[in-house]
Structures are given as structure tokens and as C-alpha cells.
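Trainee: Quick check, what structure comes out for this input:
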Amino acid sequence: MKSAASEDRRTWLTSGVGGIGVASLLSDAGHEVPTSLLPSFLSSTLGAPAAALGLIEGLADGLAGVAKLAGGALADGPQRRRATAVGGYITTAVTSALIGVATAVWQVAVFRIAAWTARGLRVPSRNALLADAAPAESYGRAYGFERAMDNLGAIIGPLLAIVLVASVGLRTAILLSVIPGLLAVAAIIYAIRRLPRSQPRRHEAFRLRFREALSGGLRRVMLGIGAFELGNLAATLMILRATELLAPTRGLEPATSLALWLYVAYNAAAALASVPAGRAADRRGGVAVMIVGVALSGIAYIGLAVSGPLPWVLAVWFITAGVAIGCVETAENSTVALMAPDTARGSAFGLLAAAQSFGNLAASGVAGALWTVFSSTVAFGYAAAWMGVSAVALVIGPRR
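Mentor: Okay, here's the model as predicted:
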């Protein structure tokens with residue numbers, strides 16, 4: 001006799017949901033290899049200064065944010081979202097791996113920007129496809145599963161990079177990252193072929209349907225999401241804070257290593273929290289789960305602002321932040337899928353993805369400036385203040 005948990009899983013873990021989750025895991029594992037090796041490749045192999053890395057990453061992130069908006073319009077059409085997802089996964093895999101053949105900094109920039117632009121284009125389509133693959137009452141669990149697989153890929157990728165560099169060298173390691181990337185393409189094609197057949201629509205012009213996407217309560221929810229993203233710091237700032245606290249008593253290299261293990265714990269916590277957060281979103285509403293995640297983020301930032309150099313205390317704040325991001329990202333996606341109209345769901349996901357990109361860029365930029373001018377305590381206090389604004393906006397907005 002089958003258990004209730006097994007029957008419940010069968011209602012939401014469809015072939016489409018599973019395929020999209022596997023695609024996220026493989027793609028993230030693939031592009032995390034060149035991402036984690038990029039600083040060493042630019043500095044040691046090509047002799048580029050640190051400023052080159054900052055410029056390349058800044059341009060890539062900025063164009064990825066613009067691409068997410070354009071990708072939202074592409075994702076509104078059922079057939080276009082399928083083609084965009086497949087094309088985005090292929091381009092990300094190939095151009096990320098081609099960094100391994102670059103002999104000049106400008107070539108690295110071209111490949112990196114192309115990979116991140118393609119990744120930005122595909123995000124709204126992938127999220128819209130996930131809504132096609134899962135029943136509406138199970139959106140939370142479906143998006144939680146996808147986020148868990150994505151975070152698991154973020155753990156596997158750097159570990160894979162370490163193994164590959166030791167075995168075949170830096171350039172070959174980057175080139176081999178195309179293998180999990182192309183396996184991700186196969187997974188997304190598998191998922192698409194198992195989606196329900198879409199209803200044919202008349203040809204519509206390429207345009208962003210923001211007014212339609214934000215009709216109803218989603219507009220107020222997006223205000224809370226926007227406030228959260230304006231305080232959602234890059235994990236690299238958390239790693240830097242841990243290194244700063246640990247280095248005086250342990251030395252720079254041991255502190256750096258320990259900080260990276262704390263980052264692994266952060267990603268593991270996010271992965272483990274995502275599916276339970278999705279289950280809670282299906283039962284209690286995504287906004288309620290977002291409020292919990294936002295509150296946990298605020299607690300983690302306050303903890304990092306005032307923390308001492310004890311590793312177990314830092315681990316508490318990293319794990320808290322990981323659980324928080326697992327809750328918020330899952331609930332953001334499931335709420336947008338549930339509240340946006342079908343005809344503008346792609347535009348809604350494009351707006352969400354762009355808010356995440358530009359909000360994170362602003363958050364890390366302002367926090368970095370506050371850190372430089374004042375202190376890390378002020379920087380993390382600034383981020384915690386945005387968590388308070390977000391919580392208030394979400395509390396006064398619609399709950400379901």
C-alpha cells in the first residue's frame with residue numbers, strides 16, 4: 001500500500017518538473033566550473049589585473065539583467081518559451097566552456113557576456129515552463145524542487161572544478177564544463193516533450209506585458225520583493241566578512257578555506273530548505289513564506305554585523321541566511337506563477353528576474369561602498385534595514 005507522502009509526491013513531481021530540476025542542477029554545476037576558475041584563469045594564465053575581472057563580471061551581470069526582461073516577453077508565448085529555454089541552455093553551455101580556449105582578456109569578456117546574456121534570456125522561460133509542468137496547487141513544491149536542485153549544482157560545480165584542475169589542468173577543466181551543460185540541454189528537452197500540449201495562439205507581437213502581469217495583488221507583492229532584493233547581498237560579501245573576522249586569529253589561508261566551507265553550508269541549507277518552503281507555500285501561501293525568509297535574512301545580517309570570530313557562530317548566520325534564501329526564492333517564483341495571468345506569466349517572471357539582478361547589483365554596490373567608507377557593521381546593518389522594509393511591505397500586501 002502506497003504511503004500518503006508517496007502519493008503526494010506523484011501529484012507534483014511530474015516528468016516535466018523532474019526534467020527541469022535536473023536541467024538546473026546540471027547547468028549550474030557546468031557553469032560554476034568556469035565561474036569558480038575565472039579569477040585564476042584571468043590572473044595566472046592571461047596576466048590580467050583584478051580590475052579586468054570586476055569589469056567583465058559587472059558587464060555580464062548588467063546585460064543578464066536586461067536579457068531577463070527581454071526573456072520575459074519571449075516567455076509569454078508557449079512555443080517561444082520552449083525554443084528560448086533550449087537555445088539559452090545550449091548557448092550558456094558552449095560559450096562558458098569556450099573561455100578555456102581564450103588567449104586574450106577581450107575574448108574572455110565576449111564569451112562570459114554571451115553566456116550570462118543567454119542565461120538571463122532563458123530564466124523566465126524556464127520558470128514559465130515549470131508552471132506548465134506542475135498543477136497550480138503544487139507550484140510551491142515544484143519551484144522548491146527546482147531551487148533545491150539549482151543550489152545543489154552550486155555545490156557540485158566548485159568541487160568538480162577542484163577535481164578537474166588537479167586532473168587535467170585549468171584550460172581543459174573549463175572546456176570540459178560543456179559536458180554537464182549539454183546534459184542540461186538534454187534534460188530540458190526531455191522535460192519539454194513531457195509537458196501538456198499547449199493551446200495554439202494567434203501570433204502576437206514581441207512586447208513586455210507588465211501592466212497585465214502586475215494586475216491584481218501581484219503589484220503590491222512585487223514592492224515587497226523589490227525591497228528584499230535591494231538588501232539581498234551577494235554571498236561573496238558574507239565570505240569576505242567571515243574571512244575578515246577569522247584571519248586575525250587563524251591566518252589568511254586557513255580563514256579563507258574556512259569561509260569557503262561556510263559558503264558550502266550556506267548553499268546546502270538553501271537546498272535543504274527549498275522543498276519544505278515550497279510545501280509551506282502551497283499550504284499557507286507564498287507571501288507568508290516570504291515573510292519568514294525575509295525575517296531570517298534580517299536576523300542573519302544583524303548577526304554578521306555584530307558577530308565575533310567564533311566559527312560555529314558564523315556557521316549559524318550562514319546557515320540562517322541559506323535557509324532564508326531557500327524560502328524567499330521558492331516563494332517568489334511560486335507566488336508569481338500563481339498570481340500572474342497565463343498570457344503574461346513570462347513577462348511577470350522577466351520582471352521578477354530583472355528585479356533580482358538589478359536589486360542584487362545595487363545592494364552589493366551600496367553595501368560595498370558603506371563597508372569601504374564606514375565599516376562592515378554598517379554595510380550589514382544597511383542590508384538588514386531593507387529586510388525590515390520588505391517585511392512591512394509584504395505584511396500589508398495580499399497573503400495569497
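Trainee: residues near residue 284, how many?
Mentor: 15 (other C-beta atoms under 10 Å). Quick note: C-beta positions are derived from backbone N, CA and C, even for glycine.
Trainee: With residue 212 instead?
Mentor: Going by other C-beta under 10 Å, the residues that sit close to residue 212 add up to 15.
Trainee: following the longest helix seen in the chain, which helix or strand comes up?
Mentor: Looking across the chain with DSSP state H, the single longest helix is helix 252-284. Sequence-wise, the next helix or strand downstream of helix 252-284 (DSSP states H and E) is helix 286-306.
Trainee: Check which helices and strands that next one sits against.
Mentor: Counting contacts by 3 or more C-beta pairs under 8 Å, 6 or more residues apart in numbering; DSSP states H and E, helix 286-306 packs against helix 218-231, helix 252-284, helix 311-339, helix 376-396.
Trainee: Residue 123 reaches residue 70, doesn't it?
Mentor: No. Assessed by C-beta atoms under 8 Å, residue 123 is found out of contact with residue 70, at 11.0 Å.
Trainee: Out of the helices and strands packed on helix 286-306, which one sits most buried?
Mentor: Ranked by mean neighbour count, those are led by helix 311-339 with a mean of 24 (mean count of other C-beta atoms under 10 Å).
Trainee: What residues sit buried inside the following helix or strand past it?
Mentor: Using DSSP H and E, the helix or strand that follows helix 311-339 towards the C-terminus is helix 345-373. Residues of helix 345-373 classed as buried: 345-361, 363-364, 366-368, 370-371 (neighbour count, 16 or more other C-beta atoms under 10 Å).
Trainee: List the buried residues in stretch 13-26.
Mentor: 13-14, 16-26.
Trainee: Could you work out the most separated pair of those residues?
Mentor: The span of these, defined through C-beta to C-beta, is set by 14 and 26 at 18.5 Å.
Trainee: Just put the buried residues of stretch 13-26 in TSV and tack on distance to residue 47 and pLDDT.
Mentor: Shown next, in TSV, are the buried residues of stretch 13-26 (distance: C-beta to C-beta, whole Å; pLDDT from 0 to 100):
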residue	distance to residue 47	pLDDT
13	49	84
14	50	88
16	46	92
17	46	92
18	45	93
19	42	95
20	40	95
21	40	95
22	39	96
23	36	96
24	35	95
25	34	95
26	33	96
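Trainee: Which of those sits closest to residue 106?
Mentor: So of the buried residues of stretch 13-26, ranked by how close each gets to residue 106 (C-beta to C-beta), first place is residue 26, at 29.2 Å.
Trainee: doesn't residue 191 make contact with that closest one?
Mentor: No. In this structure, residue 26 is not within contact of residue 191 by C-beta under 8 Å, at 12.0 Å.
Trainee: any idea how far residue 67 is from residue 220?
Mentor: Distance, residue 67 to residue 220, using C-beta to C-beta, to the nearest Å: 27 Å.
Trainee: Looking at residue 123 and residue 70, which one has more neighbours?
Mentor: residue 123 (25 against 18).
Trainee: ok, now which ones touch that one?
Mentor: 68, 71, 88, 349, 353 (C-beta atoms under 8 Å, 6 or more residues apart in numbering).
Trainee: ok, 10 Å please
Mentor: 64, 67-68, 71-72, 75, 84-85, 88, 349-350, 352-354, 356-357 (C-beta atoms under 10 Å, 6 or more residues apart in numbering).
Trainee: repeat for residue 104
Mentor: 46, 48, 110.
Trainee: For the residues you listed, pick the one with the most neighbours.
Mentor: Ranking the contacts of residue 104 using other C-beta under 10 Å puts residue 48 first, with 19 neighbours.
Trainee: What is the three-state secondary structure of that one?
Mentor: Secondary structure state of residue 48, per DSSP: H, G, I helix; E, B strand; the rest coil, is coil.
Trainee: confidence score at residue 50?
Mentor: For residue 50, the pLDDT comes out at 67.
Trainee: And residue 275, by the same measure?
Mentor: The predicted local confidence for residue 275 is 91.
Trainee: wait, doesn't it sit right on residue 138?
Mentor: No. Judged on C-beta atoms under 10 Å, residue 275 makes no contact with residue 138 at a distance of 11.3 Å.
Trainee: Need the overlap of contacts for residue 123 and residue 70.
Mentor: Common neighbours of residue 123 and residue 70 (C-beta under 10 Å, 6+ apart) are 84, 350, 354.
Trainee: Out of those, flag the one nearest to residue 165.
Mentor: residue 84 (32.9 Å).
Trainee: can you tell me how far the closest one sits from residue 77?
Mentor: In terms of C-beta to C-beta, residue 84 sits 9 Å off from residue 77.
Trainee: between these two, who's got more neighbours?
Mentor: residue 84 (26 against 20).
Trainee: Residue 71 is in contact with that one, correct?
Mentor: Yes. Because the distance of 6.4 Å satisfies C-beta under 10 Å, residue 84 is recorded as touching residue 71.
Trainee: quick revisit: can you name every helix or strand that the longest helix of the chain contacts?
Mentor: Applying 3 or more C-beta pairs under 10 Å, 6 or more residues apart in numbering; DSSP states H and E, we find helix 252-284 packed against helix 4-12, helix 139-168, helix 235-250, helix 286-306, helix 311-339.
Trainee: Fine by me, we can end here.
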